[in-house]
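In: From the sequence below, what's the structure:
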Amino acid sequence: MNAAAASLLIRRGIPRARAPIVVASRLPVPSLFRGLASLDKDGLRAILPVRKAFDLPDPGRGSYPRPPLSKIVSTIGPTSENFDTLQEVVSEGMRIMRLNFSHATFEEANLRIDNLKRCRGETTRLGRNGNNDNNLRAILLDTRGPEIRSGKLADDLDGKKSIELRGGDRITLHTSDIVRDAGSTASDLYIDYPGLASVVQPGSRVLLDDGAVVLNVLESYVATEAVTCEVEDTGDIRSRAGVNLPGCPTDLPPLSKKDEIDIRYGLERDIDYVAASFVQDAKGVNATRAFCASVLYEEMGLDKNTHPLPLIIAKIESVQALHNFDEILAAADGIMVARGDLGVEIPIQQVTNAQKEMIARCNEVGKPVVVATQMLESMINSPRPTRAEVADITNAIYDGADAVMLSGETAKGKYPVAAVRMMNDIVRGAERFEKEAPDLAVGGRRRKPFKMVEVKKNINDVSMSAVAAAEKIDAKAIIVLTNSGTIPRFLAAHRPHCPILAFCPTYKIGRQLQIHRGVHPIVEIDGLEAHKRPSAAMRDAKDLGFISSGDDVVMVCVDKGTTDFFTMKITTVS
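Out: Predicted coordinates:
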């Protein structure tokens, strides 16, 4: 060991190794690791920057029993829709049930919604009749969205026929009724988008069946409604294959007729969120919200004051949506990073970069963001995930995701309950490390400060002060008494490391808070006098196991009937 290295170790209080430590960069890396291996435990912890990770206990539920701050969205389908399985999924941590209307029928959706309402939730422990209505588990209706599809194959009587498109072959895409009626072949394929020839040009790509087959455009003929392409690689397609036109602006309506029918059904069943698929710009978000308003307040005649609109979650899954992301974010109530279709439209190696950028922008304006698609894909058939999937979820949490979503894992997989349990444990472990070693969890960077500008400054100031106080005293919880859900949303935007217990007047407000990181909604007792609300909230939080005697908590209250008078105090649980 040279003198400089020895001096450095002595200054740090690290004992000399039993064997020399080779630190010169010219020598092979294994020499350095042999030297590190010769250090005792204290020396190793002092020299390695990740020492905090070694000190953390196993992030299982025994050592870190509270629910995770980030939320779990689960798609409920054939393998998870029965009551017993759904109860287990709820108990393992599902906060939002996703209904995928690309596949679900109304009959199937009715079964899933009815079974969810029967499930027990943690508020059952409070012993209140009805307070666990829907367990305050929310329902997200995911639309199919406007889409482009190929036509039915010729002589495909049962829908099971497929044709092979060979690499290097030429194929003509048609939008005329003649080809549609005759049926598609390997040389002539019907596409159900009339404007196809107008939006593509030589050099454009047409993707069939989620990119399984790629066609390169050679010529486009608007007059004859035809597009000549060359097949890039050999592949098979079936009737009604999905079609993507990456980078080509389309004029599809924001809502298809099917979407309108599905959303109308969902509003009748009191769904909490609408995930708007294939949104291209702010107009698509606004059109979805306007349609919901027309159904609720004009067709159904409901009162705006007692029946709020479902929150609109914009799914980002195209190049055009990425280009218009800022205006979509401004119009939407939240964002879903839909990595499946997005990975078809943009180079797959760019999906992670896009994900990080979108999450950062959502965090900056305080709007919730859900990361979706293939998070535990291997658990469709395997009881355990891959290490890469664990890292994917962990890094989504470090990036700042409010929620992570399971799709086929819980809808059609063999292990739906195990998938939710695994997601819960991964999120819990990531959050524990993020709190203990924030400089490592976020890669040494600091998130941009939250800056929501369209609301009153005093709400943000109180929220920021409450979170700062909670971090300073290492509070076990922030308890907030809210009338509209606004303050919990602001508190969540500042991303505290403790849960936000949001005491709400209605089930609807509570369920619509579920998508926000850290917010755990609880419905208050009806008719409680204002001066009794804080003590009742403390008692409920204690009964639910969030806090115990001797814990420090931060409490934020707003006077009923006003949003201008707030009180914040730090108190110790008696």
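In: List the residues that contact the nearest residue to Lys508 once chain neighbours are set aside.
Out: Closest residue to Lys508 apart from its sequence neighbours, by C-beta to C-beta, 6 or more residues apart in numbering: Pro308 at 6.2 Å. Every C-beta, even on glycine, is put in place using the N, C-alpha and C of the backbone. For Pro308, the contacting residues are Lys508, Ile509, Gln512, by C-beta atoms under 8 Å, 6 or more residues apart in numbering.
In: Just among those, which is most surrounded?
Out: Gln512 (23 neighbours; other C-beta atoms under 10 Å).
In: In this structure it contacts Ile313, no?
Out: No - counting by C-beta atoms under 8 Å, Gln512 does not reach Ile313; the two are 11.2 Å apart.
In: Overlap of the contact sets of those two?
Out: Tyr273.
In: Flag every buried residue along the one helix or strand Arg95 maps to.
Out: According to DSSP states H and E, Arg95 maps onto strand 94-100. Residues Met94, Arg95, Ile96, Met97, Arg98, Leu99, Asn100 are the ones in strand 94-100 that count as buried (16 or more other C-beta atoms under 10 Å).
In: Point out the other helices and strands that it packs with.
Out: Applying 3 or more C-beta pairs under 8 Å, 6 or more residues apart in numbering; DSSP states H and E, one finds that strand 94-100 contacts strand 71-75, helix 106-118, strand 138-142, strand 403-406.
In: pLDDT on the shortest one, on average?
Out: Meaning strand 403-406. Mean pLDDT, computed over strand 403-406, is 99.
In: which residues make contact with the helix or strand following that strand from outside it?
Out: On the C-terminal side of strand 403-406, the closest following helix or strand by DSSP H and E is helix 408-411. Contacts with helix 408-411, where a contact means C-beta under 8 Å, 6+ apart, come from 74-80, 89, 94, 100, 375-377, 379-380, 415-416, 419-420.
In: any idea of the angle the helix or strand following helix 408-411 forms with strand 71-75?
Out: Scanning forward in sequence from helix 408-411 by DSSP H and E, the next helix or strand is helix 416-436. Going by axes from the mean of the first three to the mean of the last three C-alpha atoms, to 10 degrees, helix 416-436 is angled at 160 degrees with respect to strand 71-75.
In: what's the angle from helix 416-436 to strand 94-100?
Out: With the same axes, to 10 degrees applied, the angle from helix 416-436 to strand 94-100 works out at 130 degrees.
In: which residues in the stretch 301-450 of the chain form strands?
Out: For the stretch 301-450 of the chain, the strands defined by DSSP state E, counting those that start in this stretch occupy 311-316, 334-338, 369-372, 403-406.
In: Note down every partner strand of the third one and its orientation.
Out: It stands for strand 369-372. strand 334-338 (parallel), strand 403-406 (parallel) (DSSP bridges).
In: Mind checking the pLDDT average for the strand holding Arg95?
Out: For strand 94-100, the mean pLDDT works out to 97.
In: Direction included, what does that strand pair up with?
Out: Using DSSP bridges, strand 94-100 pairs in its sheet with strand 71-75 (parallel), strand 138-142 (parallel).
In: can you tell me which of those strands comes nearest to Lys472?
Out: strand 71-75 (25.8 Å; C-beta to C-beta).
In: so that closest one versus strand 311-316, what angle?
Out: Going by the same axes, to 10 degrees, strand 71-75 makes 80 degrees with strand 311-316.
In: Just after strand 71-75, pick out the following helix or strand.
Out: Heading C-terminal from strand 71-75, the first helix or strand you meet, by DSSP H and E, is helix 83-91.
In: Run through the neighbouring helices and strands of that next one.
Out: helix 106-118, helix 416-436.
In: Show me what that helix is in contact with.
Out: 74, 76, 79-80, 112, 115-116, 118-121, 135, 137, 410, 416-417, 420.
In: how about a cut-off of 10 Å?
Out: Contacts of helix 83-91 with the rest of the structure, by C-beta atoms under 10 Å, 6 or more residues apart in numbering, involve 72, 74, 76, 79-81, 94, 97, 111-112, 114-116, 118-122, 135, 137, 406, 410, 416-421.
In: Work out the gap between the strand holding Arg95 and the centre of the chain.
Out: Relative to its parent chain, strand 94-100 has a centroid offset of 11 Å by C-alpha atoms, centre = their mean, to the nearest Å.
In: related to what we said a few turns ago, what's the closest of the contacts of Pro308 to Ile171?
Out: Nearest to Ile171 among those is Gln512, at 47.4 Å by C-beta to C-beta.
In: ok, back up a step: buried subset of the contacts of helix 408-411?
Out: For those, a neighbour count by 16+ other C-beta under 10 Å gives the buried set as 74-77, 79-80, 89, 94, 100, 375-377, 379-380, 415-416, 419-420.
In: Tell me if I'm right that Glu232 and Gly167 touch.
Out: Yes - between Glu232 and Gly167 there is a contact under C-beta atoms under 10 Å: 6.3 Å.
In: Could you tell me which residues touch both of those two?
Out: Taking C-beta under 10 Å, 6+ apart as the criterion, Glu232 and Gly167 both touch Val213, Val214.
In: Show me which of the two is the more surrounded one.
Out: Per other C-beta under 10 Å, whichever of Glu232 and Gly167 has more neighbours is Glu232, with 15 against 12.
In: Got the confidence number for that one?
Out: Looking at Glu232, its pLDDT reads 96.
In: partners of the closest residue to it other than its chain neighbours in the sheet?
Out: Using C-beta to C-beta, 6+ apart and skipping residues adjacent in sequence, the residue nearest Glu232 is Val214, 4.1 Å away. Beta-bridge partners recorded for Val214 (DSSP bridges): Leu207.
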